[in-house]
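Structure of the sequence below:
(one chain, ligands or ions: 1)
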Amino acid sequence: MRNPRDYLIFPLDLPTYDEAIRYVDLLKDHVGIFKVGLELFVGVGPKILHAIRDRSAAGIFLDLKFHDIPATVKGAFLAASAYGIAFTTVHCDEGGGLLRTMVENNPSGTKILAVTVLTSLDSETLKELGYQERYVSNITDLVLRKARIAKDAGCAGVVCSGLEVEAVKAQLGKDFIAVTPGIRPAWSVVGKDDQKRIITPYQAIQRGADYIVVGRPIRASENPIEAAKKVLHEIETAIPQ
Ligand code: C5P
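The predicted structure follows:
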């Protein structure tokens, strides 16, 4: 059985090396994976990856959300692979061709996760973008369509909201990884923000999420360690037996 900590991904959404390292040192015993996203990687560069590895046993998720023509993404992904990262991300929106390019050019066996529909999007935004009414009124169907493309291309899994995770697992199989951001514990001090399709850690794990990304509810808490422990407790009570 996995340790509750193995389910928890903490995003280091911070602008500087020192701030990121402060959270690595604070949370390294409570978090399975640290996620380095665009803000930190663009601002600080690869030295942050080496520093995380030197200071903790947690895995590294380099969340670059690739979205470009296949040749460009292939080059960028090969460069990222040299850092020996556990996970990275690519948007589904270029179709299966781009995803296959990454799957076929993956020298370090990085787990490639396809971003389906960002948790900051809702029906109104999908309508604005010109999506068909059947997807505007049923985001789960759109997530499933993109998840199918990702699975057929050979991706390890997807990023989706907790509202869709059950359907993704049911349709694409339990071994197809589901990473779920947009997590807001009932006790979270974070007010209304950019996340729209949200659920609690307990609900996400109970519905089958393999990993949950919990950022602001931990970071914005007065005591991030206590907040992380509360999330771990919720995870523990929700793990399917
Ligand atoms: O918990 P919080 O909202 O602070 O988490 C934010 C993190 O979730 C960011 O690092 C963002 O990149 C990530 N995220 C994601 N996929 C989404 C939505 C958010 O990886 N669909």
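
Quick one: residues contacting the residue of the chain found nearest the ligand.
Of all residues in the chain, Gly215 sits closest to the ligand, with a separation of 2.6 Å (Cβ to the nearest ligand atom). Yep, even glycine has a C-beta here, placed from its N, CA and C like the rest. Neighbouring residues of Gly215 by Cβ atoms under 8 Å, 6 or more residues apart in numbering: Phe10, Pro11, Asp13, Pro181.

so what pLDDT did the second one get?
Meaning Pro11. If you check Pro11, the pLDDT there is 98.

can you check the last one too?
Pro181 is assigned a predicted lDDT (pLDDT) of 94.

Angles on the backbone of the nearest residue to it once chain neighbours are set aside, please.
Leaving aside its chain neighbours, Pro181 sits nearest to Val213 (3.9 Å; criterion: Cβ to Cβ, 6 or more residues apart in numbering). Val213 adopts backbone torsions of phi -100, psi 120, taken as degrees, to the nearest 10.

Over to Arg2?
Torsion angles, degrees, to the nearest 10, at Arg2: phi -80, psi 150.

coming back round to it: and the residue nearest to Pro181, how far is that from Gly154?
23 Å (Cβ to Cβ, to the nearest Å).

Compare the two and say which is more crowded by neighbours.
Per other Cβ atoms under 10 Å, whichever of Val213 and Gly154 has more neighbours is Val213, with 22 against 14.

Other residues contacting stretch 134-148?
Residues contacting stretch 134-148 (Cβ under 8 Å, 6+ apart): 92, 114, 116-117, 121-123, 126-127, 131, 158, 160-161, 163-164, 167-168, 171-172, 176, 197.

Name the nearest of the contacts of Gly215 relative to Gly96.
Lowest distance from Gly96 to the contacts of Gly215 (Cβ to Cβ) belongs to Pro181, with 23.3 Å.

burial count for the closest one?
Pro181: 26 neighbours (other Cβ under 10 Å).

In terms of helix, strand or coil, where does Lys146 fall?
Three-state assignment for Lys146 (DSSP: H, G, I helix; E, B strand; the rest coil): helix.

mean confidence score for the host helix or strand of Glu234?
In this structure, Glu234 sits in helix 224-238 according to DSSP states H and E. For helix 224-238, the mean per-residue pLDDT is 97.

just the CA coordinates of that helix, formatted as PDB?
Extracted in PDB, the C-alpha atoms of helix 224-238 (Å, rounded to 0.1, in the frame of the first residue of the first chain):
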ATOM      1  CA  PRO A 224       2.100  24.900   6.200                       C
ATOM      2  CA  ILE A 225       3.300  21.800   8.000                       C
ATOM      3  CA  GLU A 226       0.100  21.500   9.900                       C
ATOM      4  CA  ALA A 227      -1.900  22.100   6.800                       C
ATOM      5  CA  ALA A 228       0.100  19.400   4.900                       C
ATOM      6  CA  LYS A 229      -0.500  17.000   7.800                       C
ATOM      7  CA  LYS A 230      -4.300  17.700   7.600                       C
ATOM      8  CA  VAL A 231      -4.200  16.900   3.900                       C
ATOM      9  CA  LEU A 232      -2.300  13.700   4.600                       C
ATOM     10  CA  HIS A 233      -4.900  12.700   7.200                       C
ATOM     11  CA  GLU A 234      -7.700  13.300   4.700                       C
ATOM     12  CA  ILE A 235      -5.800  11.200   2.100                       C
ATOM     13  CA  GLU A 236      -5.300   8.400   4.600                       C
ATOM     14  CA  THR A 237      -9.000   8.200   5.500                       C
ATOM     15  CA  ALA A 238      -9.900   8.200   1.800                       C
END
